[in-house]
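Engineer: Have a look; sequence and predicted model below, questions after that.
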Amino acid sequence: MLKKKNYKVYNISLIICVFFTLWGILPERILGKATLGNVTAKSQSFISNEFGWLYTLLMLSFIVICFYLMFSKYGQIKLGKPEDKPQFSYISWLAMLFSAGMGIGLIFWGVSEPIMHLHEPAIASTDTIKNAKNSMNYTFFHWGLQPWSLYAFLGLIIAYQTFRHGRPALISESVTPLFKEKHRSKVADITNIIAIIATVFGVATSLGLGAQQISGGLNYLNKGIPNGFITQLIVIIIVTILFLISATSGLDKGVKILSNANVFFAILLMLVVLLIGPTSFLLDLFIQSTGQYIQNLPSLSFRMAPFDVEAREWINRWTLFYWAWWISWSPYVSSFIARISKGRTIKEFIGGVLIIPTVFAFLWFTVFGGSAIYQELFNQVDIFNVINSEGVEIGLFSLFENYGDFGKILTGLSMLLISSFFITSADSATFVLGMFSSGGELVPSKRIRVTWGLIQSSIAIVLLYAGGLKALQAVSVLASFPFIFIIILMSVNFFRSLSKDDRVTLED
């Protein structure tokens, strides 16, 4: 049961989510230009243009902070008591944080993003080879150290407060110490509501992407199944039932088992595509693209294109959307990572969260994006045209089409993987939302988790109905903006606590 003091956060958050759901359902003939799709699109444009600099600096700062903490004297501090041991094995821990972090997105964008960057480059050029190199460079940039350093730093803050100081597992616990006692209750409520809203809409975006791709895969396997909203609706309903079953079984059963399965099938799919594709080309591409990423990271991180309108539009559409999407996911992912990381040192925590998933993401995009680029450049296969005509979600299946009958097997395997990532993302998100809305309970009630699961799925349905991919992207930017200021406050409080806390001993 919810404690009385927590009803306010729970109810207000629920009302806001229901309001957005109803807003998205109402048609244009009633609302005119004030539809959810129109308003979120205009809000996205305003935030990207006016506050892009803030997103850029913030995301870059997380990398600097993480590497500093990892190699500083604080690296040996344990997230918990000296005798605490990690709850999960290293493999299960990595699998869970990776599945929660960006599973669906990798499959959705694995082929489509590099191909779209190849034909619509960040830096205009008629040199196809140069565009191919830059396409991998920017894809690595969007999925590399920036998002994982965000998750690592915020997860570290939450784990530090929860397991070192014994405070509830709430975002607000990392903010309220900055304020006077009489203001802390209101600040806590506002902070937790913002965290819940950002989480709900960030995860709903991912669920919408997953539903789109499953629908596209079904259509690819059977043209009698339309790739449209009705199919996406049915997919969400079925997968919602599955993840609610998982959500009521706890971390040790549902999320842990599915996360391990996710990693196994993801590696299997990636290895198969690597081996049946241009293997040597892909391995060369991985080495070269990783080197280019490391070399160009500073210039990529600071690029804003203030003198080039078209280039800035590209940055808004891609880079700033990604930064906003990662930030909207960060309350949930960071809290979930913190929840499963008790007993690990700061160095071990940051190293695990930052380095290993980044390398895996690079491998993933090299294998799938690189295979698609190879098909376009050397086999005259027009995957980009398929993406333009049938949708971004078809990119992966368009690649598989070049592998003959074996491609249908790969399509089936990828759809199974998407569904599994869908379940684990939604499952772990309901767990975190339950923590946020029940005073930081590490094991929130099943009723609360089920409620948030239904809300997430409802919003994903509404966003797909209101405008598909564009609406999903726009609402991510909108949901992320208020949480930026929470992140800044969390950072200030963390370093103040780290420097002044006389209970922290480096001999732990």
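Structural biologist: Done, it's in.
Engineer: What residues does residue 139 make contact with?
Structural biologist: 109, 113, 114, 117, 365, 369 (C-beta atoms under 8 Å, 6 or more residues apart in numbering). Any C-beta I mention is one placed from the backbone N, CA and C, and that applies to glycine too.
Engineer: Recalculate using a threshold of 7 Å.
Structural biologist: Applying C-beta atoms under 7 Å, 6 or more residues apart in numbering, one finds that residue 139 lies in contact with 113, 114, 117, 365, 369.
Engineer: what about it, distance to residue 366?
Structural biologist: 9 Å (C-beta to C-beta, to the nearest Å).
Engineer: residue boundaries of the strands in the stretch 351-500 of the chain?
Structural biologist: Using DSSP state E, counting those that start in this stretch, no strands are assigned anywhere in the stretch 351-500 of the chain.
Engineer: residue ranges with poor pLDDT in it?
Structural biologist: 442, 467-473 (pLDDT under 70).
Engineer: What is the burial count for residue 152?
Structural biologist: Neighbour count of residue 152, defined by other C-beta atoms under 10 Å: 29.
Engineer: ok, now residue 67?
Structural biologist: 14.
Engineer: can you tell me the helix or strand for it?
Structural biologist: helix 36-71 (DSSP states H and E).
Engineer: Mean confidence (pLDDT) on stretch 90-97, please.
Structural biologist: Average pLDDT, stretch 90-97: 75.
Engineer: and if you look at stretch 318-333?
Structural biologist: pLDDT averaged over stretch 318-333 gives 89.
Engineer: which residues sit against it?
Structural biologist: The contact list for stretch 318-333, computed with C-beta under 7 Å, 6+ apart, reads 48, 52, 55, 59, 100-101, 142, 147, 150-151, 154, 171, 195, 198-199, 201-203, 205, 429, 432, 473, 476-477, 479-480, 483-484.
Engineer: Quick one: distance of that stretch to the chain centre.
Structural biologist: 6 Å (C-alpha atoms, centre = their mean, to the nearest Å).
Engineer: got it, and stretch 128-138?
Structural biologist: The answer for stretch 128-138 is 24 Å, by C-alpha atoms, centre = their mean.
Engineer: rewinding a little: of the contacts of residue 139, which belong to helices?
Structural biologist: If you go by DSSP state H, the contacts of residue 139 have 113, 114, 117, 365, 369 in helices.
Engineer: Contacts only, for the third one.
Structural biologist: Right, residue 117. 134, 135, 138, 139.
Engineer: Can I get those in a markdown table including pLDDT, distance to residue 338 and secondary structure?
Structural biologist: Formatted as a markdown table, the contacts of residue 117 follow (pLDDT from 0 to 100; distance: C-beta to C-beta, whole Å; DSSP: H, G, I helix; E, B strand; the rest coil):
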| residue | pLDDT | distance to residue 338 | secondary structure |
| --- | --- | --- | --- |
| 134 | 96 | 36 | helix |
| 135 | 97 | 34 | helix |
| 138 | 97 | 30 | helix |
| 139 | 97 | 28 | helix |
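Engineer: Look up which helix or strand the closest residue to residue 459 other than its chain neighbours falls in, please.
Structural biologist: Nearest residue to residue 459 in three dimensions, chain neighbours excluded: residue 204, at 4.1 Å (C-beta to C-beta, 6 or more residues apart in numbering). Using DSSP H and E, residue 204 maps to helix 181-221.
Engineer: for the record, mean pLDDT for that helix?
Structural biologist: Here the average pLDDT along helix 181-221 is 86.
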